[in-house]
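Student: coords please:
(2 chains)
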Amino acid sequence: MSQPEDLQEPSGPAIGQDEWVARHGERRSRRSGWIGDIEERARRAPWWAWLVLFVAAFALLPLVSHDGYVRRVAFETALYMTLALGLNIVVGWGGLLDLGYVAFYAIGAYGYAMLSSPQFGIHLPTVVTVPLMVVVGAIAGFLVGLPSRRLIGDYLAIVTLFFLQITQTVLVNGDQIAGHDLTGGANGIINVDPFHLFGHDIAVQHEGVFAVAYLYIAIAFFAVVYVALHFLNDSRTGRAWRSLREDALAAEAMGMPVNLLKLMAFSFGAATAAFTGTLFAAVQTSVFPLTFSFALVITVYTMVILGGQGSLAGVAVGAIVVNVMLEFLRDPGDARILIYVVGVLALAFAFGRTRKLAVLLAAVVIFGFVAHAVAEAINPDWVAGPAANGFDQALSNWVIIPTELANWVGPVSYIGLVCLALALTLMSPRWRYVVLVPTIYLGTFVWENVLLAQPDATRYIVLGVMLIGLMILRPNGLLGERRVEIV
Amino acid sequence: MDTFTQLTLNGLTEGSTYALIALGYTLVYGVLKLLNFAHGDVFMVGSFIGYGILKVLGGAGDPQVPVWLLLTLMVLGGMVGCAVLGVAIERFAYRPLRDAPRIAPLISALGVSFFLANSFQLMFGAQQYNYGIFFLDGGSLYTEGFNIGNVHIPLIAIITILSAFALMVALWLLVTRTRTGKAMRATSFDREAAAMMGIDIDRVIVFTFIIGSALAGAGGVMFALRVPTAASIGFVIGLKGFTAAVIGGIGSIPGAMAGGLILGFAEAYIAGYWTTRWSDLVIFSVLILFMLFRPSGLLGQAGIKKV
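Tutor: Modelled structure (predicted):
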């Protein structure tokens, strides 16, 4: 009657249970000590705890800083976070490349401006206008999605891009539609009313600085959208969207209404964008057609892709990182130092805390002093560039900063830097290590002399490089979901 | 009638440029199934290379070489420079993503487009660059020419149209008469099957980028002969080139040529008989209708969808 041991206790995986999933907890590496404890607790904390913590931190910001500029940036960050959340519905969940997303933002902003300004003499209450614009945005998204729903991939991208172009053409030329001035043309609509809530007009400037109220409104907008999207993500619709993104054909075979789902993704995204647009118009107290450009599309896309398409928290983080970075780049004074910190951190990340890193940094420093000395010996004017005090003063002893940059130096050094950086990716590790030294030095030269001179172009160059680099190196962003690739 | 002839001439000049860009879109789309958003910016780079060569050789007013040689050098320089650029874009931005989901190279292409446009703004500013006026035997290329009825045809228009058509004929011969062309057609028909037949796909793709970008470079120089160039022109020109490619049927070479000309004529007639204000709107709306109701274009073949 004795049975073999292995029949009673099967050593293989249990039937009906996924071994990989069941052992998931064991595999997760856990750090020892109190750091590990904190990590474990943080991981178990519910999602709303993070949201509450984040909103609270954001709301406390005005207490720490009374600077109107900081408040303004914080407000814009919250605005971008909400905008990026909306794009995440379409791109991250629906997998639809909607390049006309900003057009819905424009619809929300212009709609609010038309209904609350002297343009037509209409001043509807805010509590009516904002929900109305959300509905209008959803309908607009539905209408654009209606003909586009059969298109896939690049065709959809192009149709939506043309929709953005058409929207912009209409806004710019809207001052002469059949003899009526609807959009104010290139001059936009000015004197837009600020929000009017609880019986008060909320002025944008309060005692000379940016009003805290709008910071709170923006973060409230964000929280509302975030919570709504969180539940949407867990709903039947959310799951259906994700399956649509992974494999539209399989989703259809499972009986999902693919066309309706695409339309819904468009509609929800557009409604979020329009919602955000109203707040934008109210704070700007004016709207201009050129705001809603392709550059804004790229900016919001970078946020979503950096944070990780499909992840709500990731998208919010991406928006914060990108907007704060762009803000730093706006003012060369702050940005100047930032790049060195980021550069050293990036190198440390690439090499780890090894001797290689130390040697590399030392080599770069020495290379710099030698190059500086050689340049000074040839012509003292080459290194006599303007330097402020402190850090810049120290730096000007190392980086070559000429008093006047000859016309050809900028383009040649910039193109040289791009070529060197690209060539680095093709070299063997040993050569890469050697060539990295002059590349870094050339990089600092270009940064100090060329890039800082034109912050506007620099900001967008950084965005473009981020998009390419992210798609190649880390397509799921900082916090994105890892996709299961079916081979 | 004179107005009509004049507008037709304008449309032909403009349209031959669009056709050159559209060819680049169509070639790359045919082989890679990728919408190369950066193509319009390659065109812009071509116009800047032409400007650089012009300045090195003494400028349009007082060139150090004969005018015909100067123009040839500018076009050739633009073609070579853009071919190199196209290969670099393919190598660094698209090749690593060849097996990624289709949305990834598209986003990368957006990044390349944005990077190129803003790099040129960084290096050369946002201002417009004008080639200036070329002279041949004491007469300006822009005023000397022939008359048909009351319509004056300047030499510059003839040069643009003839060289564009010469390039298109050369491309047509290349694709239909050579082994490389056959490999390109095979790759665009079915990449995997072509690879199994021993065709080096990477080489074909690189070659496609060389041809497409060189055409854009030539188009860029010819465009800038008539219209001042700037770092930001790539976006709208690229959209128009893509429009032309879709109207003709994306993936079809004669389609791209026809589409470019149709777009040129449409723009000229709308601008001449109605208004320039809404011409972009009309064209983009027509394109959206085209994509919805005849996505295969005028000359394209309806693709058989494999599941």
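Student: chain B contacts on the stretch 51-200 of chain A?
Tutor: Contact residues (Cβ under 8 Å from any Cβ of the partner chain) of the stretch 51-200 of chain A with chain B: A:91, A:95, A:97, A:99, A:147, A:150-151, A:153-155, A:157-159, A:161-163, A:165-166, A:169-170, A:173, A:176. Yep, even glycine has a C-beta here, placed from its N, CA and C like the rest.
Student: need the buried ones from those selected in PyMOL.
Tutor: The PyMOL selection below is limited to those of these classed as buried (16 or more other Cβ atoms under 10 Å in any protein chain shown):
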select buried, chain A and resi 91+95+97+99+151+153+154+155+157+158+159+161+162+163+165+166+169+170+173
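Student: in helices only, show me the residues of the stretch 51-200 of chain A next to chain B.
Tutor: Judged by DSSP state H, those include A:147, A:153-155, A:157-159, A:161-163, A:165-166, A:169-170, A:173 as members of helices.
Student: what about the strands in the chain?
Tutor: You didn't say which chain, so I picked chain A. Secondary structure of chain A (DSSP state E): strands at A:116-117, A:122-123, A:189-190, A:196-197, A:200-201, A:205-206, A:209-210, A:286-287.
Student: wait, chain B
Tutor: B:135-136, B:139-140, B:145-148, B:151-154.
Student: show residues contacting the last one.
Tutor: Looking back up the chat, that one is strand B:151-154. Residues from elsewhere that reach strand B:151-154 (Cβ atoms under 8 Å, 6 or more residues apart in numbering or on different chains): B:2, B:5-6, B:9, B:141-147.
Student: what's the answer for the second one, then?
Tutor: By Cβ under 8 Å, 6+ apart, the residues outside strand B:139-140 that reach it are B:133-134.
Student: the same query, at a cut-off of 6 Å, please.
Tutor: Here strand B:139-140 makes contact (Cβ atoms under 6 Å, 6 or more residues apart in numbering or on different chains) with B:Ile133.
Student: format the contacts of strand B:151-154 as JSON lines; extra columns: distance to A:Met325, neighbour count and pLDDT.
Tutor: Output for these, formatted as JSON lines (distance: Cβ to Cβ, whole Å; neighbours: other Cβ atoms under 10 Å in any protein chain shown; pLDDT from 0 to 100):
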{"residue": "B:Asp2", "distance to A:Met325": "57", "neighbour count": "10", "pLDDT": "77"}
{"residue": "B:Thr5", "distance to A:Met325": "55", "neighbour count": "14", "pLDDT": "83"}
{"residue": "B:Gln6", "distance to A:Met325": "52", "neighbour count": "18", "pLDDT": "84"}
{"residue": "B:Leu9", "distance to A:Met325": "50", "neighbour count": "19", "pLDDT": "87"}
{"residue": "B:Leu141", "distance to A:Met325": "48", "neighbour count": "20", "pLDDT": "75"}
{"residue": "B:Tyr142", "distance to A:Met325": "47", "neighbour count": "15", "pLDDT": "76"}
{"residue": "B:Thr143", "distance to A:Met325": "52", "neighbour count": "11", "pLDDT": "75"}
{"residue": "B:Glu144", "distance to A:Met325": "54", "neighbour count": "15", "pLDDT": "75"}
{"residue": "B:Gly145", "distance to A:Met325": "54", "neighbour count": "16", "pLDDT": "75"}
{"residue": "B:Phe146", "distance to A:Met325": "58", "neighbour count": "11", "pLDDT": "76"}
{"residue": "B:Asn147", "distance to A:Met325": "60", "neighbour count": "8", "pLDDT": "76"}
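Student: can I get the strands of chain B in a markdown table with distance to B:Ser188?
Tutor: Listed next are these as a markdown table, based on distance: least, Cβ to Cβ, whole Å:
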| stretch | distance to B:Ser188 |
| --- | --- |
| strand B:135-136 | 41 |
| strand B:139-140 | 43 |
| strand B:145-148 | 40 |
| strand B:151-154 | 37 |
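Student: quick one: buried residues of stretch A:194-213?
Tutor: By neighbour count with 16+ other Cβ under 10 Å, stretch A:194-213 contains the buried residues A:194-196, A:202, A:204, A:210-213.
Student: so where's chain B uncertain?
Tutor: B:1, B:138, B:295, B:297, B:299-307 (pLDDT under 70).
Student: quick check, stretch A:279-292 touching chain B?
Tutor: No - if you take Cβ under 6 Å from any Cβ of the partner chain as the test, stretch A:279-292 misses chain B, and the best it gets is 12.2 Å.
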